[in-house]
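**Q** need a 3D model of the sequence below.
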Amino acid sequence: MISIQLWTLRAEIAERGLGGVVDELASVGFAHVEPFQIATCAAELAPALVRNGMTAPTVHGDLLGDALAASLDAAAAVGAGLLMHPAFLADYWNTPDGTERVSDVLNRAAEAAIPYGIRVAFHNHDDELKSMVDGRPALVSLMDLLSPTAGVEFDPYWTTIAGADVLDTIDALGEHLFALHLKDGPLVGRNEDQVAVGDGEIDLAAVLAAVDSSVPRVISLDLIQTDPFTAVVRSKNWLDRAEA
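**A** I've put the predicted structure just below:
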């Protein structure tokens, strides 16, 4: 399943509206999208999905505190099966009890999500791979603390930026790897150096081979400097060929 994180097209959404962007994505062959801030966009997103025969199997939303209930309700309203917290910032990972704090959030959310039939996860960045816990990256150590219905939406590019081995990390995440966030770029660089999936130096073919085909592949070009929509289409075309 190939999807697109709508944050990639946030400028286009601001200009043309969420429904208009979803219509345009449908016209170039997308059947799935991953919205952000699901609690605030579900009402606008739902009719656009129905109109285009599309789904939102994965969504991003706030899992913290009182925001959790609204995120779960909205995720269920659009038919999502996986709800992701977009990021736990550096101050979570750079403290001795950081992994425990993150696991508390995720496990609480996972328990609350059971009646909805939804699993929860979060999108990794580089801090959780640079920070070490007992000789292992914090992201890897976190897996030992998570319930079976809590996991990670794994980003190989952020992992590369952190200097960690991508395939070793995939192996360590095991069954807690619930989705892939895919972007590309140089092996050594900055997040702002992103390019379309397949145009950079990350061995994404090896990543795809290492992760079961049932795991969603989500194009996510956070800070790409070229035209985002063109890069999204180029990314989808590469993934279609790679997964054929």
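
**Q** so who does S103 touch?
**A** 142, 145-146, 150 (Cβ atoms under 8 Å, 6 or more residues apart in numbering). Any C-beta I mention is one placed from the backbone N, CA and C, and that applies to glycine too.

**Q** quick check, nearest of the residues you listed to G117?
**A** Closest approach between the contacts of S103 and G117, by Cβ to Cβ: A150, at 14.6 Å.

**Q** the contacts of S103 in strands, which ones?
**A** A150 (DSSP state E).

**Q** ok, of the contacts of S103, which come out buried?
**A** 142, 146, 150 (16 or more other Cβ atoms under 10 Å).

**Q** out of those residues, which comes closest to D66?
**A** Closest to D66, out of all of the buried ones among the contacts of S103 and judged by Cβ to Cβ, is A150, at 19.2 Å.

**Q** now the lowest-mean-pLDDT helix or strand in the chain: buried residues?
**A** Least confident element among the helices and strands of the chain, by mean pLDDT, DSSP states H and E: helix 90-93 (a mean of 89). Across helix 90-93, burial judged by 16+ other Cβ under 10 Å covers 92-93.

**Q** same question for stretch 17-33.
**A** Buried residues in stretch 17-33 (16+ other Cβ under 10 Å): 18-19, 21-22, 24-26, 30, 32-33.

**Q** before we move on, what about stretch 91-108?
**A** Applying 16+ other Cβ under 10 Å to stretch 91-108 flags 92-93, 98-99, 102-103, 105-108 as buried.

**Q** so which pair among the residues you listed is furthest apart in space?
**A** Greatest spatial distance among the buried residues of stretch 91-108 (Cβ to Cβ): W93 and R108, at 18.6 Å.

**Q** which parts of this structure are strands?
**A** In the chain, the strands defined using DSSP E lie at 2-4, 58-60, 82-85, 119-123, 132-133, 136-137, 150-154, 177-182, 217-219.

**Q** compare the ones you listed and say which comes out lowest on pLDDT.
**A** Comparing mean pLDDT over the strands of the chain, the weakest stretch is strand 132-133, at a mean of 92.

**Q** please compute how far that one lies from its chain's middle.
**A** Relative to the centre of its chain, strand 132-133 is centred 23 Å away, using Cα atoms, centre = their mean, to the nearest Å.

**Q** starting from it, tell me which strands it pairs with and how they run.
**A** strand 136-137 (antiparallel) (DSSP bridges).

**Q** that older thread, same list (the buried residues of stretch 91-108) but as CSV, adding distance to E12.
**A** Converted to CSV, these look like this (distance: Cβ to Cβ, whole Å):
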residue, distance to E12
Y92, 31
W93, 32
G98, 35
T99, 36
V102, 32
S103, 36
V105, 31
L106, 31
N107, 36
R108, 35
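
**Q** ok, those vs A244, which is closest?
**A** L106 (34.6 Å).

**Q** gap between that closest one and S147?
**A** 8 Å (Cβ to Cβ, to the nearest Å).

**Q** I figured R234 was touching D184, is that so?
**A** No. Counting by Cβ atoms under 8 Å, R234 does not reach D184; the two are 10.1 Å apart.

**Q** tell me, what's touching the two both at once?
**A** Common neighbours of R234 and D184 are listed as 196-199 (criterion: Cβ under 8 Å, 6+ apart).

**Q** of the residues you listed - the most surrounded one?
**A** V197 (27 neighbours; other Cβ atoms under 10 Å).

**Q** give me the number of residues near L173?
**A** There are 19 residues near L173, going by other Cβ under 10 Å.

**Q** could you shift the numbering so residue one becomes 461, and keep it that way?
**A** Done: numbering now begins at 461, and the last item shifts to L633.

**Q** can you pull the contacts of it?
**A** Contacts of L633 by Cβ under 8 Å, 6+ apart are 599-600, 603, 611-612, 614.
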